[in-house]
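A.B. asks: Let me see the structure of the following:
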Amino acid sequence: MKLPHIASKADDPWHRIWYETTPRHLAGAGDARHVTQALRAAGWKNHGDPDFPHVVLASPDYQHALVLEPAPDSDGSWWRISSKDWHASFDGNTPAEIIAGFTDALLQLPPEAEPDIRPALQSAGWTCERDNRGNEYARHPDGITTLERRATSTSDSFVWTAAVALPTGLGSHERLWRAYFDDSTPRYLLAAFAATLTAPAPVFRGRHDVPHPSLVVQIGRGAVGDHLATAHEARLKAIRAAARKARRASAPTTPSALGTEAAVSPRRSR
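C.D. replies: The predicted structure follows:
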């Protein structure tokens, strides 16, 4: 039976005109599959209810999980990523490419030494400060984007937040998006997030797919749907290959069948 064609954003990237959009941190959500399909390529399984609008992914060892549950308001925590030791969340308008910087790093082996987050920020023109309580503040040159590590009001524990807050002109602010990380989040994941947040490369969005068109520059580059699809497939292929390599490296070595037989079988006497 021939099924009717049903238009859907899942048909992207071929069925729309794309624009290079900068700066990336103001470009809006983008395509969630940039995150979810990469995790699936690395062997994460989807445990979501197909009749409920969410995605629930778990790593092969069940040490990490991602939940994507769209809410009526984009300033809610649509994305939640966690392990038994830490958790992070991202609002609905957080660009998928920036979230992917965090989740892609989660697929890699942790470095031997924890990296410093500040160099990536400072090289991108952010100002970084630290007070005598250990609070750290980094501000983008646009004045509306921040990354902070601050003590909570009830204890000496710290939390990390990245946020874009737009002034309303009435003395208040409208939050475009916010990311939250508890202080147990591995620093290499935070460093990967910061590096992707500050990357100058544009992201691709449709003309009407940005929450605040006046804050971004969009340049049309012609028909780029095939280019985007090819790049996405290459990304997934590389992640699959890296995951296979990691599994081979971590697999326990076992003696060969011949060696095992020789070890347990008594030698026949002539």
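A.B. asks: what's the offset of the longest helix that the chain contains from the middle of its chain?
C.D. replies: Longest helix of the chain, by residue count under DSSP state H: helix 225-250. In terms of C-alpha atoms, centre = their mean, to the nearest Å, the centre of helix 225-250 is found 16 Å from the chain centre.
A.B. asks: what's the average pLDDT for that helix?
C.D. replies: Mean per-residue pLDDT for helix 225-250: 89.
A.B. asks: quick one: low-confidence ranges for the stretch 1-150 of the chain?
C.D. replies: Along the stretch 1-150 of the chain, the model assigns pLDDT under 70 to residues 1-4.
A.B. asks: would you list every one of the helices in it?
C.D. replies: 33-41, 96-106, 118-123 (DSSP state H, counting those that start in this stretch).
A.B. asks: Could you export the first one as PDB, CA atoms only?
C.D. replies: Taking Å, rounded to 0.1, in the frame of the first residue of the first chain, the C-alpha atoms of helix 33-41 are listed here in PDB:
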ATOM      1  CA  ARG A  33      19.200  14.800  15.900                       C
ATOM      2  CA  HIS A  34      22.600  16.400  15.800                       C
ATOM      3  CA  VAL A  35      22.800  15.200  19.400                       C
ATOM      4  CA  THR A  36      20.500  12.200  19.600                       C
ATOM      5  CA  GLN A  37      21.600  10.400  16.400                       C
ATOM      6  CA  ALA A  38      25.200  10.800  17.400                       C
ATOM      7  CA  LEU A  39      24.500   9.100  20.700                       C
ATOM      8  CA  ARG A  40      22.600   6.300  18.900                       C
ATOM      9  CA  ALA A  41      25.600   5.900  16.600                       C
END
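A.B. asks: In the longest helix of the chain, which residues are buried?
C.D. replies: By neighbour count with 16 or more other C-beta atoms under 10 Å, helix 225-250 contains the buried residues 225, 232, 235-236, 239, 243. Just so you know, the C-beta spots here come from the backbone N, C-alpha and C atoms, and that holds for glycine as well.
A.B. asks: now stretch 59-79
C.D. replies: Applying 16+ other C-beta under 10 Å to stretch 59-79 flags 59, 64-69, 74, 77-79 as buried.
A.B. asks: Do a quick rundown of the strands in the stretch 151-270 of the chain.
C.D. replies: Assigned by DSSP state E, counting those that start in this stretch, the stretch 151-270 of the chain shows strands spanning 158-167, 173-182, 203-206, 217-220.
A.B. asks: most neighbours per residue, which of the ones you listed?
C.D. replies: Counting by mean count of other C-beta atoms under 10 Å, strand 203-206 has the highest mean neighbour count of the strands of the stretch 151-270 of the chain, with a mean of 22.
A.B. asks: Alright, I will stop here.
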